[in-house]
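A.B. asks: Would you be able to build a 3D model of this:
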Amino acid sequence: MTVTFALIPAAGRGVRFNSSSNAGVHSKVFANLAGLPVLRRSVNAFSSHPGIDGIVVVVGPDELDLARSILSDSPKIVRIIPGGQSRQESVFLGLYTLRELGANHVLVHDGARPLVTHDIIDRCLDHLKLHSTAIAAIPVTDTLKRASEDRTVSDTLDRENVWQSQTPQGFHLDILLAAHRAAKTYKFFATDDASVVEEFSWDAVHLITGSPENIKVTRAEDLDYAEAILRSRTSLQATRVGTGYDIHRLVEGRPLYLGGIEIPSPDGRGLDGHSDADVLLHAICDALLGAAGLPDIGHLFPNTDNTWKDVRSTELLEVVARRVREAGLEIVNIDSTVIAEQPRIAPHIPQMRKIIAEVLDLEETRIGIKATTNEGIGALGDGVGIAAHAVAGVIQFRQ
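C.D. replies: Numbering: from 1, shown residues only. Have a look, this model is predicted:
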């Protein structure tokens, strides 16, 4: 049985990376790219691919907590481990972890290469069914010059049959691990894993076609280029929108939860329901599930299941966000309206936005919350209950 893991080394310090828009970011893999960290986008491509059984991420020892926080709800993450002093050492440590986990095929992919597509991953996986190696690469199209130390041209290289190496690089695990062991023994250092196999294995390294868009973020300006590529991909896709609505009756003896926070109730009443009955979060959950084409909140968290009895709805929203991302979709924004005669909602909106943004791993500017009354009309106008409407936008980048 073939067990295929993605190994994503992301422990580099990115010494050439310096961006004023990412002040305080120590490593390029944690820089913001169109609303998500670079590393998260790299991981998402593999977590949403059905041919990948698990993912191991290698980061700097001082960045473990940060990596865990941004990848906490990422499906298929099995381990996040500390790396070594070099990329090669980090991969070596990751390979031993993969062996412990029972993997026999591995796709090594740079954490700073966030635009890899499912097509490239497919080609690597298909090639590994027939061969022991498969690395993504593109033919060199520009004229290549070799320079002297003074930056004058010493000669022009023949570009015929010259390819530029990318990742993912796929291998049968035992072959790559043996090659890395030999490299460690003989103190051989290389800039990619294919070079290690070329040096210490009889197995030929096979090329599969990568993509010019599969860039590695090395400098700050690469983020602008990467974002432009993402925008071009989204232009080929229709944004998917979902709507949600929820309403609950107010009853005595219940705390009042709205938008993930507890709000003081002037008459001591809270919303009645199986969970904490947070109508705003429930409406957002249904909007997200609808946008993803998934069953609604009642199917996902039935009131016959005591697992969800009195649970905070922030936990339900976390589950929904994970399901949406497992479906290969990215959450773009939320807009919502709370309808209540009392209490006054507006003073609590900033805290609600903050909580929802944290749960969904979005910027607060992507969360819209408005409050209104029912002008004394009907049951809501009589203060019998509270209702909420929500709209969610999601998008699926071309993979």
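
A.B. asks: And the longest strand along the chain, what does it pack against?
C.D. replies: Of all the segments assigned as strand in the chain under DSSP state E, the longest by residue count is strand 240-252. Helices and strands touching strand 240-252, as assessed by 3 or more C-beta pairs under 8 Å, 6 or more residues apart in numbering; DSSP states H and E, comprise strand 269-271, helix 279-291, strand 385-395. Yep, even glycine has a C-beta here, placed from its N, CA and C like the rest.

A.B. asks: Tell me what angle the longest one forms with strand 240-252.
C.D. replies: Translated: helix 279-291. Going by axes from the mean of the first three to the mean of the last three C-alpha atoms, to 10 degrees, helix 279-291 is angled at 150 degrees with respect to strand 240-252.

A.B. asks: Just the C-alpha atoms of helix 279-291, please, in CSV.
C.D. replies: What follows is the C-alpha trace of helix 279-291 in CSV, where atoms were taken according to Å, rounded to 0.1, in the frame of the first residue of the first chain:
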residue,chain,number,x,y,z
VAL,A,279,-27.8,33.1,16.3
LEU,A,280,-25.1,35.2,14.7
LEU,A,281,-22.5,32.5,14.5
HIS,A,282,-25.1,29.9,13.5
ALA,A,283,-26.1,32.2,10.6
ILE,A,284,-22.5,32.6,9.6
CYS,A,285,-22.0,28.8,9.8
ASP,A,286,-24.9,28.2,7.4
ALA,A,287,-23.7,30.9,5.0
LEU,A,288,-20.2,29.2,4.8
LEU,A,289,-21.7,25.7,4.4
GLY,A,290,-24.0,26.9,1.7
ALA,A,291,-21.2,28.6,-0.2
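
A.B. asks: hmm, back to that, so which of the helices and strands packed on strand 240-252 is nearest Thr191?
C.D. replies: When those are ranked by proximity to Thr191, the top entry is strand 385-395, at 34.3 Å, counting by C-beta to C-beta.

A.B. asks: Packing partners of that closest one?
C.D. replies: Secondary structure elements in contact with strand 385-395, counted by 3+ C-beta pairs under 8 Å, 6+ apart, are strand 240-252, helix 279-291, strand 330-339, helix 378-381.

A.B. asks: partners of it in the sheet?
C.D. replies: For strand 385-395, the paired strands and their directions (DSSP bridges) are strand 240-252 (antiparallel), strand 330-339 (antiparallel).

A.B. asks: rewinding a little: and the helix or strand following the longest strand of the chain, which strands flank it?
C.D. replies: Using DSSP states H and E, the helix or strand that follows strand 240-252 in sequence is strand 257-258. Based on DSSP bridges, the pairing partners of strand 257-258 within the sheet are strand 261-262 (antiparallel).
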